[in-house]
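> Okay, predicted coordinates and the sequence, questions at the end:
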Amino acid sequence: MTDTTMSPENAPAVTFINRELSLLQFQRRVLAQAADADVPLLERLRFLCIVSSNLDEFFEVRVAGVKERIRLGIKTPDPEDGLTPAQLLDAISTSVHEIIEEQYRLLNAEILPALENESIVVLRRDRWSPELRQWVARYFQQEVEPVLTPIGLDPAHPFPRVLNKSLNFAVELSGEDAFGRETRAAIVQAPRALPRIIPIPREISGVDHGFIFLSSVVHAHVGELFPGMSVLGCYQFRVTRNSDLFVDEEEVTDLRSALKGELQQRHYGDSVRLEVADNCSDAMASFLMRHFGLTEGDIYRTPGIVNLVRLMQLPDRIDRPDLTFTPYKAGLPAELDGEKEDLFSAIRKRDILLHHPFQRFTPVIDLLRAAADDPAVLAIKMTVYRTGSQSILMEHLIRAAQKGKEVTVVLELMARFDEEANINWASKLEEVGVHVVYGVFGFKTHAKLLMLVRRDDDKLRRYVHLGTGNYHPRTTAFYTDFGLLTCNEAIGEDMAELFQQITGVGKSTRLTHLWQAPFALHANVVAHIRAEAENARAGRKARIMAKMNALLESEVIEALYDASQAGVEIDLIVRGPCALRPGVEGLSENIRVRSIVGRFLEHHRIFFFHADGEEKMYLSSADWMDRNFFRRIEVAFPVLDPKLKRRVMKEGLRVYLNDNCMAWEMLPDGQYRRRSPRGVRKAAQQMLMDQLTGQTKR
């Protein structure tokens, strides 16, 4: 076994790992799911597509940011990871090229042949039968050609604007047209209304599930778009653009209107990546590269379609349950299973913990539905970060307002890539009299909070839901998250204070139970880490366990290093990027970091501190990142009920620390090594499905 510790002599010059490179390590772990023969075949294809989707966002946001630093002339190394922006961009390019090479190897050498063995075939042009060629010709003439607009490039026809991530074709031509022009190149843009994957009738394809790509249809008939000209080459290409939105705080008077204007420009931001088919001529690749202001390191040649995300449609179009994850039926916590009384009565009796997706999200929906119909409910307040373009929760809020209840929604318009959906909901909510506010400008409202004010027999009482994940019924089916339903009076008072602070103006006040960013969350996390270090130095038991999506904030990492050196045993479960180096002798030898990648997206944030026997357990919407601590409104909330605290320890921490199937251990250099089961297999997500649904699943 390789020794992964580092002595002070060979310890790294910098004690932090770069965020972007760590994030690419996460993409490699997701890609490993596509390579895993134990994963059902259509799910392997889905994981392959997820990597492509993740890389799209990585370039749109992270790489765009690196390029912006280079444009600004920043050449000094980052003090934490030691890399200049130019060095980082080179490292990103190298890593992404490796990931893409492995993606297409898996697709072409393993997944597509395995699908063909199951009579699921994507038919390339060299395998088209005469009957299929005739069918494609009719399809092109009837469905495709009428909406295409070929643009010949000459002084009167400049290069068309290319939408972010759209499918385009660069065509090399020879000959003269009707006007005597010798146009050498043309661009054909595929409208987004056209389907990228086209099903073929079984009697034509000869297989159970036959498909062709739109790109193949265009390639086969591109000559018909340029009559009398000779097509020398036709090459797919795709441009990824900077998609971060910028709104000037000093200039904006209406955030919603400003965002609407910015959204129109998102599709045409600065170019950051060019994808071309691997058969693209060097001359055309160079021409495209120059036009988009990119360098050789920004070009990614693909041995196949330039956008693997389009393959995401296939698993949903094919009815082959034997090739997908076995469905399961989410359960309910014991407090609600078979509960005859209403939810309000159940919550008054005890706090209720929901663990998604293993347990249903319906209690939250039912609570809001009941609030809308219950005349005793006087007011509803809720934060919304992501909820989707269709949401039963939003419909219940609208109905509640229509019934005369006081409804307030803190709607985050700056939720990346959900801005348009949230703008649309803002309009719908305001139409029925909901008080819609957009949080605090400059601070995204990321906390997941729902508060109902109800007149019970004895007094006004606050019923609240706090969560680690979004109020998005669809994602609760495949994101792991905790939600807490309670009418604890002190927590309710904290929630009321927090809503008042967001919707109104005034100084922040000290909350009893909630740790709120940007005011107290960071200070409390650091203080609790340092308290564990002090306990260890005093010879008392000290322990930290935490689970999150990302660990990047430097002061927290330094506090963890200090706690490790004091003797605190620290286990961290970090799904994505982690800047901390574990297992470095003299620095972090008592810290272990692991990542879990499986069927569900690990999403809950859990912070446990032994606290000299008090055993404090917090759930949160926040990762340990600068943005969450200082540029967002976040909440960490305690689990006070001892029974529920034990549940979080068992279901949110211990089961993941015991996982020997889906767990990846982080090494000091930032690489990851997958755990191999020895003896009994322990896969955390499967164990939770078995425990919380009562059913044995694959």
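The structure has been received and is ready for your questions.
> quick one: low-confidence ranges for the stretch 501-650 of the chain?
Residue ranges of the stretch 501-650 of the chain with pLDDT under 70: 506.
> whoops, the stretch 151-300 of the chain was the one
If you take pLDDT under 70 as the line, the stretch 151-300 of the chain has these spans: 155-156, 178-182, 245-268.
> Sheet partners, orientation included, of the helix or strand where Leu232 lies?
Take DSSP states H and E as the rule and Leu232 turns out to sit in strand 230-241. Applying DSSP bridges, strand 230-241 is found paired with strand 168-174 (antiparallel), strand 271-277 (antiparallel).
> which other residues reach the last one?
So that's strand 271-277. 59-60, 63-64, 67, 170, 235-242, 284-285, 288-289, 292-294, 298-302, 304-307 (CB atoms under 8 Å, 6 or more residues apart in numbering). Every C-beta, even on glycine, is put in place using the N, C-alpha and C of the backbone.
> Give me the subset of these that lies in helices.
When DSSP state H defines the helices, the subset of the contacts of strand 271-277 inside them is Ala64, Lys67, Met284, Ala285, Leu288, Met289.
> Chain neighbours aside, what residue packs nearest to the second one?
Put plainly, it is Lys67. Of all residues not flanking Lys67 in the chain, Val272 sits nearest, at 5.8 Å (CB to CB, 6 or more residues apart in numbering).
> Now do that neighbour against Phe519, distance only.
35 Å (CB to CB, to the nearest Å).
> Name the residue in the two with the higher neighbour count.
Using other CB atoms under 10 Å, the more surrounded residue of Val272 and Phe519 is Val272, with 27 against 18.
> so which strand or helix has Pro199?
Counting by DSSP H and E, the element that carries Pro199 is strand 197-200.
> rewinding a little: out of the strands paired with strand 230-241, which gets nearest to Gly586?
Checking these against Gly586 by CB to CB gives strand 271-277 as the closest, at 39.7 Å.
> Going by neighbour count, list what's buried in stretch 108-123.
Buried residues in stretch 108-123, counting neighbours by 16 or more other CB atoms under 10 Å, are found at Glu110, Ile111, Leu112, Leu115, Glu118, Ile120, Val121, Val122, Leu123.
> Phi and psi next, for Ile352.
Backbone geometry at Ile352, expressed as degrees, to the nearest 10, gives phi -120, psi 130.
> How many neighbouring residues does Glu615 have?
14.
> Please name the residues that touch it.
The contact partners of Glu615, by CB under 8 Å, 6+ apart, come to Phe608, Phe609, Lys645.
> Can you tell me the element the last one falls in?
This means Lys645. Following DSSP H and E, one finds Lys645 within helix 642-648.
> And the next helix or strand after that helix, what does it pack against?
Counting by DSSP H and E, the next helix or strand C-terminal to helix 642-648 is helix 655-657. Under the contact definition 3 or more CB pairs under 8 Å, 6 or more residues apart in numbering; DSSP states H and E, helix 655-657 sits against strand 569-574, strand 591-596, helix 684-693.
> 7 Å instead, please
Judged by 3 or more CB pairs under 7 Å, 6 or more residues apart in numbering; DSSP states H and E, helix 655-657 is in contact with helix 684-693.
> can you give me the strands in the stretch 151-300 of the chain?
Under the criterion DSSP state E, counting those that start in this stretch, the stretch 151-300 of the chain contains strands at 151-152, 168-174, 185-189, 197-200, 209-213, 230-241, 271-277, 299-302.
> Leu311: which of those strands is closest?
Closest to Leu311 of the strands of the stretch 151-300 of the chain, according to CB to CB: strand 197-200, at 7.3 Å.
> Now the closest one: buried residues?
Buried-residue list, strand 197-200, by 16+ other CB under 10 Å: Ile197, Ile198, Ile200.
> Let me have the contacts of Glu615 in TSV, extended by distance to Gly439 and neighbour count.
Converted to TSV, these look like this (distance: CB to CB, whole Å; neighbours: other CB atoms under 10 Å):
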residue	distance to Gly439	neighbour count
Phe608	29	22
Phe609	29	23
Lys645	31	17
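> Relative to His465, which of those residues is nearest.
Lys645 (18.1 Å).
> circling back: most surrounded residue in the ones in helices among the contacts of strand 271-277?
When neighbours are counted as other CB under 10 Å, the busiest of these turns out to be Leu288, with 24 neighbours.
> Please list all residues in contact with that one.
Ala170, Phe237, Leu274, Val276 (CB atoms under 7 Å, 6 or more residues apart in numbering).
> Not counting its neighbours along the chain, what's nearest Ile299?
Ile299's closest residue in space is Leu274 (CB to CB, 6+ apart), at 5.0 Å.
> and the one you found, how far is that from Pro473?
Here Leu274 is placed at a distance of 38 Å from Pro473 (CB to CB).
> Between those two, which has more neighbouring residues?
Per other CB under 10 Å, whichever of Leu274 and Pro473 has more neighbours is Leu274, with 23 against 18.
> The spatially closest residue to Met625 that is not a sequence neighbour: neighbour count?
Leaving aside its chain neighbours, Met625 sits nearest to Leu552 (4.7 Å; criterion: CB to CB, 6+ apart). Each residue near Leu552 was counted by other CB under 10 Å, and the total is 27.
> any idea how far Asn524 is from Gly598?
Gly598 is 31 Å from Asn524, where distance means CB to CB.
> can you check Ala447 too?
Ala447 is 15 Å from Asn524, where distance means CB to CB.
> what's the answer for Arg44, then?
Per CB to CB, Arg44 is found 42 Å from Asn524.
> ok, now Gln359?
When CB to CB is applied, the distance between Gln359 and Asn524 equals 28 Å.
> Phe630 too?
Taken as CB to CB, the span from Phe630 to Asn524 is 14 Å.
> Those two: who's more crowded?
Taking neighbours as other CB under 10 Å, Phe630 and Asn524 compare with Asn524 leading, 18 against 15.
> C-alpha coordinates for the one helix or strand that one maps to, CSV please?
Assigned by DSSP H and E, Asn524 falls within helix 521-537. Extracted in CSV, the C-alpha atoms of helix 521-537 (Å, rounded to 0.1, in the frame of the first residue of the first chain):
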residue,chain,number,x,y,z
LEU,A,521,-22.2,31.4,10.9
HIS,A,522,-18.5,31.7,10.1
ALA,A,523,-17.5,32.9,13.5
ASN,A,524,-19.5,30.1,15.2
VAL,A,525,-18.0,27.4,13.0
VAL,A,526,-14.5,28.6,13.6
ALA,A,527,-15.1,29.0,17.3
HIS,A,528,-16.4,25.5,17.7
ILE,A,529,-13.5,24.1,15.8
ARG,A,530,-11.1,26.0,18.0
ALA,A,531,-13.0,24.8,21.1
GLU,A,532,-12.4,21.2,20.1
ALA,A,533,-8.7,22.0,19.7
GLU,A,534,-8.6,23.5,23.2
ASN,A,535,-10.4,20.4,24.6
ALA,A,536,-7.9,18.1,22.9
ARG,A,537,-4.9,20.1,24.3
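> Pull out the buried residues from that helix.
Neighbour-count burial for helix 521-537 flags Leu521, His522, Asn524, Val525, Val526, His528, Ile529, Ala531, Glu532, Ala533, Asn535, Ala536 (criterion: 16+ other CB under 10 Å).
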